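Asks: got a predicted structure here, sequence first:
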Amino acid sequence: IHSRCGRNYGDIFTMTTRTTTNTGKPRLVSSSSSTAVKHKELVFRLAEKGPPIIRNVLMEKGWVEYDEENLSPDQHWNLWWKSSRFTPSQLAACHYPYQHVNHFPKSSEITKKDSLLRNLRRMKGIYGAVCDFIPDSYVLPNEYVKFCQLYADLREKEQQAIWICKPSDMSRGRKIFVFRDLGDLTYDCTAIVQRYVDNPLLIADYKFDLRVYVLVTSFQPLRVYMYRDMLVRFGTEKYCKSDLSNIYSHLTNYSLNKFAPNYDNEKDGIGEGCKWNLPRLKEFFDSLGVDFTLIQNRIETIVLITLLSIAPSIPHAAPCFELYGFDVLLDQSLKPWLLEVNFSPALAVEGEVDGRVKLPLITDMIDTLNIKPFDERFVCLEPEGFDRSARSHVRNPTELTAASAAKAGNPLPYPLPRGFSRPEPKEKPQDDLKLPPCKPKPQPKRSLSVPSRHTTKRSVQALQAASQASQKAPLSDEAAGNFELIFPFNKNVENQDLSKGDSAIRAIIAEIRTKEAQWNKACKQLAQQLRQKAEGVQNTTHNSPGK
């Protein structure tokens, strides 16, 4: 059926074949019939520029790749992975729970830097300091005057801050630069100028950030999983605030640092390359006496508040899921700062560390999604007299349906089958004829739009019942491997309906604020211990310069 279907619609219907009765009407074939079509294999559809790791993991699990050149109507797919967004017609043609796509509509509201800033500003204005985890930022060119005023005020106070400029919709560190003087600020597109975090936590004098992987399987209700392994990305030159032009010292993007002259060299305390995984980072914090679990809990708060900022505006889209990449920076007080959220985080395997993190990541993600193969209960009702061979071409499932084309006022995307005729346009009445004014007959509102030429009245009623039941059906919260469910984290937030907006979010923020207060107190104590250790090391080095 060419419409958005409910969660358990496969449990209600039976498969229909093109066999007809003596009256010419389609005959329903039960699931036990030998003529029912069965699709037991799982099929994935990968875009041309899709990451090869997706293909490798799925084929190792026994999946089959979709043949883009085969336009047979019997061909199906269960997972469609793209690096770009899906169109509304592609999303509407998906059949849940048998088909999944890897992007939600409107997900760019947090992956574009200017949109992310606006959403987090709004959250901070409503809910307070718990949402204060992004540095002071300004959108250029709209807020250029406001930024100049702040720059002038700081200069009068003899405070020369460091700033970083980032294009709003670019990735991989392109066109990013650090500056102090306003005269060095140049941009040719919508950009973000942001207060530079100039006191980052360093490992062996190298700057680093964290790439945190987050899986969202639903926004309404919200279901969020956080991957318990992550990438630690280093700059390949030692951190130095006096030289702001050295991108290998201030930027941690792997796409930049892999071309650094010092990339393959053995670096003190870091080793070769510029990546660690989480177990190695934990070893470093354990050597300092720091429990990294506290930092992870604070990162969870950042992830949840960022997703809550857009959750009410994301439409219900059961076939969708999203794998985000959150980039987080730690300062010397162990406070995490959100740098950006990646729409399609890089999944290329370019080293041993990538293999240890990303291969299990994709495997655990597929297991958590629990995608089901098509079965014989899948519905495909066809009208009386319908002849598939009458089409001029075989329609792909991503094309507009007849109902949506008619609603838009466009002709049908293919010729009508035998037994159907196009309605002739009515002639306009002549001027000399006096016709009584006629009022349009009120049409009943339909809760679910279904193309009538593909269904019967009985199947429409059953489809509506299935769609309503899917809204009430509980989602599976089972996580696989290193994925851990971080929302809902208790029953108080599980029962909140995010479609209600502010009231539900306010209740969730209250629960988060209670947990955050405990974590902040513990992290401040740890940061104080680290400062005392650092001062002790400096005194020892000063007294014994030969060591």
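Replies: Ah, there it is. Numbers count the residues shown, from 1 in each chain.
Asks: mind listing what Leu150 touches?
Replies: Residues in contact with Leu150 (Cβ atoms under 8 Å, 6 or more residues apart in numbering) are Asp136, Tyr138. Just so you know, the C-beta spots here come from the backbone N, C-alpha and C atoms, and that holds for glycine as well.
Asks: show the contacting residues for Leu339.
Replies: Asp209, Asp327, Val328, Leu329.
Asks: quick one: mean pLDDT for the strand or helix carrying it?
Replies: Remark: Leu339 resides in strand 336-342, with elements defined by DSSP states H and E. Throughout strand 336-342, pLDDT has a mean value of 95.
Asks: ok, it: who's next to it in the sheet?
Replies: strand 322-330 (antiparallel) (DSSP bridges).
Asks: which residues are contacting the partner strand?
Replies: With Cβ under 8 Å, 6+ apart, strand 322-330 has contacts from 102-104, 107, 110-111, 197, 200-201, 209-216, 295, 299, 302-303, 306, 336-346, 365.
Asks: what does stretch 246-253 give?
Replies: Stretch 246-253 has contacts (Cβ under 8 Å, 6+ apart) with 164, 172-173, 176-178, 207-209, 233-240, 243-244, 256-257, 260, 262, 274.
Asks: now, of these, which are buried?
Replies: 164, 173, 176-178, 207-209, 233-239, 244, 256-257, 260, 274 (16 or more other Cβ atoms under 10 Å).
Asks: now Ile371, what's its secondary structure?
Replies: Under DSSP: H, G, I helix; E, B strand; the rest coil, Ile371 falls in the coil class.
Asks: identify the residues contacting it.
Replies: The contact partners of Ile371, by Cβ under 8 Å, 6+ apart, come to Leu42, Asn78, Leu79, Pro97, Tyr98, His100.
Asks: out of these, which sit inside strands?
Replies: Secondary structure from DSSP state E places Leu79, His100 of those in strands.
Asks: let me have the contacts of Ile371 in CSV, extended by neighbour count.
Replies: Listed next are those as CSV, based on neighbours: other Cβ atoms under 10 Å:
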residue, neighbour count
Leu42, 20
Asn78, 24
Leu79, 22
Pro97, 20
Tyr98, 21
His100, 23
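Asks: can I get the contacts of Ile371 in JSON lines with distance to Asp291?
Replies: Shown next, in JSON lines, are the contacts of Ile371 (distance: Cβ to Cβ, whole Å):
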{"residue": "Leu42", "distance to Asp291": "41"}
{"residue": "Asn78", "distance to Asp291": "41"}
{"residue": "Leu79", "distance to Asp291": "38"}
{"residue": "Pro97", "distance to Asp291": "39"}
{"residue": "Tyr98", "distance to Asp291": "43"}
{"residue": "His100", "distance to Asp291": "37"}
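Asks: now, which of the contacts of Ile371 sits nearest Pro52?
Replies: Using Cβ to Cβ, Leu79 is the member of the contacts of Ile371 that lies nearest Pro52, at 15.2 Å.
Asks: quick revisit: between the contacts of Leu339, which is nearest Pro221?
Replies: The shortest gap between Pro221 and any of these belongs to Val328, at 25.5 Å (Cβ to Cβ).
Asks: any idea how far the closest one lies from Trp81?
Replies: The gap separating Val328 from Trp81 is 25 Å, by Cβ to Cβ, to the nearest Å.
Asks: would you list every one of the helices in the stretch 201-350 of the chain?
Replies: Taking DSSP state H, counting those that start in this stretch to define them, one finds helices in the stretch 201-350 of the chain at 247-250, 254-257, 278-287, 292-308.
Asks: now do Ala408, the pLDDT please.
Replies: For Ala408, the pLDDT comes out at 46.
Asks: what does Arg458 give?
Replies: The model's pLDDT for Arg458 equals 42.
Asks: equivalent analysis for the one 5 residues further on, please.
Replies: Confidence at Leu463, expressed as pLDDT, is 38.
Asks: same question for Leu231.
Replies: So, for Leu231, pLDDT stands at 95.
Asks: nearest residue to it other than its sequence neighbours?
Replies: Spatial nearest neighbour of Leu231, chain neighbours left out: Arg211 (4.1 Å); criterion: Cβ to Cβ, 6 or more residues apart in numbering.
Asks: residues near the one you found, how many?
Replies: The criterion is other Cβ atoms under 10 Å. On that basis, Arg211 has 20 neighbouring residues.
Asks: one more: the one 10 residues further on?
Replies: For Pro221, the neighbour count with other Cβ under 10 Å is 19.
Asks: quick check: it touching Leu498?
Replies: Yes. Pro221 lies in contact with Leu498 (Cβ atoms under 8 Å); the separation is 7.0 Å.
Asks: what's the residue nearest to Leu231 in contact with, if anything?
Replies: Arg211 neighbours (Cβ under 8 Å, 6+ apart): Met230, Leu231, Val232, Arg233, Gly325, Phe326, Asp327, Pro345.
Asks: closest to Asn70 out of those?
Replies: The shortest approach to Asn70 among the contacts of Arg211 belongs to Pro345, at 31.0 Å (Cβ to Cβ).
Asks: look up how far Thr111 lies from the nearest residue to that closest one once chain neighbours are set aside.
Replies: Excluding the flanking residues, the one nearest Pro345 by Cβ to Cβ, 6+ apart is Gly325, at 2.9 Å. Going from Gly325 to Thr111 by Cβ to Cβ gives 9 Å.
Asks: name the residues contacting each of the two.
Replies: In contact with both Gly325 and Thr111: Val341, Asn342, using Cβ under 8 Å, 6+ apart.
Asks: which stretches in the chain count as helices?
Replies: Using DSSP state H, the helices of the chain run over 52-60, 88-92, 108-111, 113-127, 144-156, 247-250, 254-257, 278-287, 292-308, 352-369, 402-407, 457-472, 491-494, 502-543.
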